[in-house]
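> predicted model and sequence below, questions to follow.
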Amino acid sequence: MSAETDAQGRLYIPKEVREKYGQKYHIVMYEDRIELIPVADDPLTAVREAAGELHDASVEKIREDIEAEAKDEAEEAGGQR
């Protein structure tokens, strides 16, 4: 998919893209390209949804889960030798 800017530099995003990703975007500039990153209408809600179970978890519970996962991975890696 491609798009062009108008004389004022406006970029028109196709309807199907706007419907899927929304109306707001961060523009990220690289040396050889730009990227449009969708911004949620309510960023705080989006972060809470992405956090899932972690939202209500205590720091201690999160730490325990991380340590248990690391231990399991270490044991699996040790058994592959």
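Arrived safely.

> okay, now Ala46: neighbour count?
13 (other C-beta atoms under 10 Å). C-beta coordinates here come from the backbone N, C-alpha and C atoms, glycine included.

> separation between the closest residue to it other than its chain neighbours and Ile27?
Leaving out its chain neighbours, the residue that sits closest to Ala46 by C-beta to C-beta, 6 or more residues apart in numbering is Ala40, at 3.7 Å. Ala40 is 16 Å from Ile27, where distance means C-beta to C-beta, to the nearest Å.

> try Ala50
Taking C-beta to C-beta, one finds Ala50 at 22 Å from Ile27.

> what ranges does the protein have for its helices?
Secondary structure of the chain by DSSP state H: the helices cover 15-21, 43-51, 59-79.

> take those and write them to JSON lines, including distance to Ala7 and mean pLDDT.
Formatted as JSON lines, the helices of the chain follow (distance: least, C-beta to C-beta, whole Å; pLDDT from 0 to 100):
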{"stretch": "helix 15-21", "distance to Ala7": "22", "mean pLDDT": "91"}
{"stretch": "helix 43-51", "distance to Ala7": "33", "mean pLDDT": "72"}
{"stretch": "helix 59-79", "distance to Ala7": "52", "mean pLDDT": "84"}
